[in-house]
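Trainee: What follows is a predicted structure for the sequence shown.
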Amino acid sequence: MTRSEIVAAAREWVGTPYQHQASKRDVGTDCLGLIRGLWRHFLGAEPEEVPPYAPDWAELTGDDVLLAAARRNLIEIAPGSAREGDVLLFRMGLGCPAKHCAVMSGEQRIIHAYWGRSVCETRLVPWWSRRIVAAFSFPGLED
């Protein structure tokens, strides 16, 4: 799998309605569901079962579950070195656990799903950039 293949596959999800805990292209997904769908597309079965989670799960537990799962299953890279096809994780507030993710789609652009929006490709504006906590590559990525 190449970076451009990941971006092309992620773009196929654009327009998929937001649906909490879902991961079906053209039917419904959330931000994690998009990453899970890309994993299945390129790597097959998901590496671990995703437990049910509420929209405010991260704030309630304080656990950095999403970051820990990404570290178990993806290859961590320096956030400043993220390129197209890499996954970014975001903290929505200071001291909060990471609870949003997106795929870099090019220079300062991301593909992601978030509450009230379908999957979309947007600019990585300063509001999002300031919230990046970690970056990852998919295993098996060809450079």
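Mentor: Nice, I can see it.
Trainee: and the nearest residue to S137 once chain neighbours are set aside, what is it in contact with?
Mentor: In space, and not counting its chain neighbours, S137 is closest to I75: 4.6 Å by Cβ to Cβ, 6 or more residues apart in numbering. All C-beta spots, glycine's among them, are computed from the backbone N, C-alpha and C. I75 makes contacts with F136, S137, F138, P139, L141, as judged by Cβ atoms under 8 Å, 6 or more residues apart in numbering.
Trainee: Buried only: go through those residues for me.
Mentor: F136, S137, F138, L141 (16 or more other Cβ atoms under 10 Å).
Trainee: can I get those in TSV with distance to E121 and pLDDT?
Mentor: Listed next are the buried ones among the contacts of I75 as TSV, based on distance: Cβ to Cβ, whole Å; pLDDT from 0 to 100:
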residue	distance to E121	pLDDT
F136	19	98
S137	19	98
F138	18	98
L141	20	86
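Trainee: thinking again about what came up before, and the residue nearest to S137, how far from F136?
Mentor: Distance, I75 to F136, using Cβ to Cβ, to the nearest Å: 6 Å.
Trainee: Give me the packing partners of the lengthiest strand in the chain, helices and strands only.
Mentor: Ranked by number of residues, the top strand in the chain under DSSP state E is strand 98-106. Secondary-structure packing of strand 98-106 (3 or more Cβ pairs under 8 Å, 6 or more residues apart in numbering; DSSP states H and E): helix 3-11, helix 31-43, helix 57-61, helix 65-73, strand 87-91, strand 109-112.
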